[in-house]
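**Q** Sequence unavailable; structure follows:
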């Protein structure tokens, strides 16, 4: 009790100073949270990929198509449980700025491979009946205010229709939700059979295959088998784990992780300097008082604990409130970034790390001043004015 | 009034001269501001460098033509007849040696390993016609030679060479079922062309089973010809095309990434700037409180409030200027010219560029630092001016 009220009294001694110190810690952690969200978003969900899924693409590059006839040949490979073909549509909705993923799929195959896309039985049924039907992710539908039953017009860029126009229309038959927080709900899915029969050129081709294997430990072996099957054909393939695929995609963007780490490190060093200096200053001002405390019988350990407790309290108040605020700011930025980054939130790992950092910041910043306070000799401390 | 200025001068000088006595507090302000400025400038230099690359070396008399309704070369297609009509247009400049200055081009992506991570990346490979060299006048072969038309030979931009492995002159790249040889390297005033590999479009088309081109680059007589050319050919019933001045096209291509980096840089700068202001307020409060008696003595001697306020502000600004300059220098030394490459979402291809700490950014850094210093100094200066003389003199 005495200890806590002492802590409180010390923090209140110079209220403005305490407020501004906590304020700068708050801001540092706010930045930390937001940057962690950015880093996570740019990793494009590498951590969210299915361990049992493989991706097969054209050997030369992702944008080269593969024949649709490969589907059955892939399914025959020993160890392959299921496979689905998908194609990138790349259309424009109203304005090129309104970018989102539009993927032509075989609904049953695709939803079987991606159980994290939650679609109700009724929607599946409606989709089966409507060749022009499409299903949109929850956040995509919210972004443009779509409702089930709406017609969604897309302007094809490289896909033109047989009638010579490039205006495609889809009927929104349902909305899918994500099974987990990080599930990408910004995709528009529609039927490949409808796209293929309507488009002029490029028929019978798909963009890539997603494959589920029974035993993920055999992934490398199965990938090799698939690629060997199509070697020396006009369409050679490259198969890899979905995680490796997402990683290579993230690597293309560049090392966002390193940039974020560099910024956060610099920010924490600066904050450490500032907080350390403030606490040292407040200990200097209290020299006299610490002398009195020691005279009253406070042990060296208690004095050390008092100063460290104060700096940790400052660190935790600033850190926790900053992390909390960052989750709110990230929510706001999610909308602004919707066109570039499908997922944007502060990951749980970053929050845990943040709490640890807040405590660590308090300990490190308070360490030297606490040591100084502990070593103060009563006679000298009392003599100093 | 004269004496007022004399007072300002005297107090400010006294204050600045005593700065070294408050070394630790002053250092915290300088180092803090320097760090904040360095980070902000470094982050913004990414966007600056990217944009510089995307807009460098553009001429005002060149247009890019692709299919109406598309927004990038990647998605476009133009057949041979259309390409012919465009190349033969009378606005297109004629060169006695190469003929019409129009090049029908094909842009495909090939997979090359990044030097930094070893993982594959979408590197743009552009098939061009001989006229392309007369259209991009800034293109210079700096090693080896040009590719020979009709052969499987490539030339590679210096930017791509820096970013992707296996791109040295003399090495071979496997595309589909064939090996292609790299026979030369080029520069192009640091423009985005340097991120590309070039080859003969007529050899590239069968390799990628394409029957059509994607775009036509044409150099017109002068910039004034662009509207006429656009107007006339857009109405041509045989064509369904979109004409864009080259500069405009590349500026648009870089828009989304530049915006993204600017938003991020802005968020970082604002949050850190606020933190730095809090830090400055704390430090200057400490500075003022250690000078309590000194200030009270001055006031007792007849110095007015104004000069005292100004002296605190001057101290803050001096420290901020120092911090800003230091931070800018740090960012310049650490990041200017730092080479990297990224995926441009709009074209889905790699762009090699370097961070650019421009003079404009350095000035911005100084302004930012001074702003932080000024805002941080207002409260402490106010406190200094309102110190009650009698009690302040008595303070220990």
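**A** Looks like it came in fine. Since this is a predicted model, take the numbers as computed values, not measurements. Residues are numbered from 1 along each chain as shown, chains lettered A, B, ... in the order given.
**Q** The helix or strand residue B:233 falls within: which residues count as buried?
**A** Using DSSP states H and E, residue B:233 sits in helix B:225-235. Neighbour-count burial for helix B:225-235 flags B:225, B:226, B:229, B:230, B:233 (criterion: 16 or more other CB atoms under 10 Å in any protein chain shown). In short, each C-beta sits where N, CA and C put it, glycine included.
**Q** what's the answer for stretch A:93-111, then?
**A** A:93, A:96, A:99-100, A:102-107, A:109-111.
**Q** Strands - which of those residues land there?
**A** By the criterion of DSSP state E, membership of those in strands covers A:102, A:103, A:104, A:105.
**Q** Now pLDDT and distance to chain B too, for the residues you listed, in CSV please.
**A** Output for these, formatted as CSV (pLDDT from 0 to 100; distance: CB to the nearest CB, whole Å):
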residue, pLDDT, distance to chain B
A:102, 93, 13
A:103, 94, 15
A:104, 95, 16
A:105, 95, 20
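**Q** For residue B:370, state which of those is nearest.
**A** The nearest member of these to residue B:370, counting by CB to CB, is residue A:102 at 48.4 Å.
**Q** so the closest one makes contact with residue A:86?
**A** No: here residue A:102 lies out of contact with residue A:86, judged by CB atoms under 8 Å, at a distance of 10.7 Å.
**Q** longest helix anywhere in chain B?
**A** Looking across chain B with DSSP state H, the single longest helix is helix B:246-290.
**Q** Helix or strand: which one has residue A:358?
**A** Going by DSSP H and E, residue A:358 is part of helix A:348-375.
**Q** so who does the nearest residue to residue B:157 once chain neighbours are set aside touch?
**A** Nearest non-adjacent residue to residue B:157, counting by CB to CB, 6 or more residues apart in numbering or on different chains: residue B:194, 3.6 Å away. Going by CB atoms under 8 Å, 6 or more residues apart in numbering or on different chains, residue B:194 touches B:53, B:157, B:158, B:159, B:160, B:186, B:187, B:188, B:352.
**Q** Contact partners for the third one?
**A** Same thing as residue B:158. Contacts of residue B:158 by CB under 8 Å, 6+ apart are B:142, B:185, B:186, B:187, B:194.
**Q** and the last one, what pLDDT?
**A** Think residue B:194. At residue B:194, the model reports a pLDDT of 91.
**Q** now swap in the third one and tell me
**A** In the prediction, the pLDDT value recorded for residue B:186 is 95.
**Q** so it, which of the three states?
**A** Using DSSP: H, G, I helix; E, B strand; the rest coil, the structure places residue B:186 in strand.
**Q** any idea which element the residue nearest the centre of chain A lies in?
**A** Chain A has residue A:40 as the residue nearest its centroid, 3.2 Å off, counting by CA atoms, centre = their mean. Element membership for residue A:40 (DSSP H and E) is helix A:15-42.
**Q** Mind checking if that helix is in reach of chain B?
**A** Yes: for helix A:15-42, a contact with chain B is found by CB under 8 Å from any CB of the partner chain, at A:16-17, A:20-21, A:23-24, A:27-28, A:30-31, A:34-35, A:38.
**Q** which one of those residues has the most neighbours?
**A** Most neighbours among the residues of helix A:15-42 next to chain B, by other CB atoms under 10 Å in any protein chain shown: residue A:21, with 29 neighbours.
**Q** Excluding covalently adjacent residues, which one is nearest to that residue?
**A** Setting aside the residues directly before and after it, residue A:21 is nearest to residue A:278 in space (CB to CB, 6+ apart), at 5.0 Å.
**Q** Pull the contacting residues for residue 282.
**A** No chain in the question, so chain A it is. Contacts of residue A:282 were listed using CB under 8 Å, 6+ apart, and they are A:10, A:13, A:14, A:17, A:310, A:369.
**Q** The intended chain is chain B.
**A** For residue B:282, the contacting residues are A:17, A:20, A:21, A:24, A:274, A:278, by CB under 8 Å, 6+ apart.
**Q** buried residues in the helix or strand hosting the fifth one?
**A** It refers to residue A:274. Residue A:274 is part of helix A:256-285, with elements assigned from DSSP H and E. By 16+ other CB under 10 Å, the buried positions in helix A:256-285 come out as A:256, A:259-260, A:262-264, A:266-268, A:270-283.
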